[in-house]
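Participant: Got a predicted model here, sequence first, then my questions.
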Amino acid sequence: MKHKIEGLLQLIRKFNNYPVIVEGLKDKKALSRLGFTKVYTMNRAVYKLTEDISKHHRTVLILTDLDTPGKKKYGEIKRNLSRLGINVNDTLRNYLFRQTKLRQIEGIDSYIERFLNE
């Protein structure tokens with residue numbers, strides 16, 4: 001398991017300067033504690049959020065929760081961004097989904113901390 005956390009930490013370091021879309025404030029706070037600086041919450045209509053992001057960024061990450069509602073939100077956001085010509089990098093999301101048991105983004109910082117303190 002330790003190698004999976006190390007892999008996750010490498011990806012976090014690689015992508016922490018990318019803009020990231022998350023569902024809520026708890027998600028934003030968790031990612032901020034991990035060093036992410038450009039975190040956008042879904043605090044407005046998806047079309048408005050994606051239009052605003054497209055004015056400033058060409059590539060983004062989408063880290064909605066990895067449960068069914070989060071997957072639906074992910075699909076809606078990705079479709080809107082794609083229509084606007086914005087690239088969605090799924091590397092970190094796919095790693096979380098395939099290599100960890102984490103399903104709620106708001107817990108990502110405590111998830112990592114728990115394994116680092118073992």
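Facilitator: Ah, there it is.
Participant: any idea which element Ser32 lies in?
Facilitator: Following DSSP states H and E, one finds Ser32 within helix 25-33.
Participant: Just give the number of residues close to Leu11.
Facilitator: A count of nearby residues for Leu11, using other CB atoms under 10 Å, gives 18. Yep, even glycine has a C-beta here, placed from its N, CA and C like the rest.
Participant: Which residues are in contact with it?
Facilitator: Applying CB atoms under 8 Å, 6 or more residues apart in numbering, one finds that Leu11 lies in contact with 91-92, 95.
Participant: Please check the residues you listed and keep the buried ones.
Facilitator: Among the contacts of Leu11, the ones that count as buried by 16 or more other CB atoms under 10 Å are 92, 95.
Participant: Looking at the contacts of Leu11, which are in strands?
Facilitator: Among the contacts of Leu11, no residue falls in strands (DSSP state E).
Participant: middle-most residue in the chain, spatially?
Facilitator: Leu63 (2.4 Å; CA atoms, centre = their mean).
Participant: Just the strands from this structure, written as ranges.
Facilitator: Using DSSP E, the strands of the chain run over 19-22, 38-41, 59-62, 87-88.
Participant: of those strands, which approaches Leu31 most closely?
Facilitator: For Leu31, the closest of the strands of the chain is strand 38-41, at 5.1 Å, according to CB to CB.
Participant: Identify the residues contacting the longest helix seen in the chain?
Facilitator: Counting residues, the longest helix found in the chain (DSSP state H) is helix 68-83. Here helix 68-83 makes contact (CB under 8 Å, 6+ apart) with 21, 23, 42, 46-47, 49-50, 53-54, 60, 62, 64-65, 87-88, 93, 103, 105.
Participant: Just the buried ones out of those, please.
Facilitator: Buried among the contacts of helix 68-83 (16+ other CB under 10 Å): 21, 23, 42, 49-50, 53-54, 60, 62, 64-65, 88, 93, 105.
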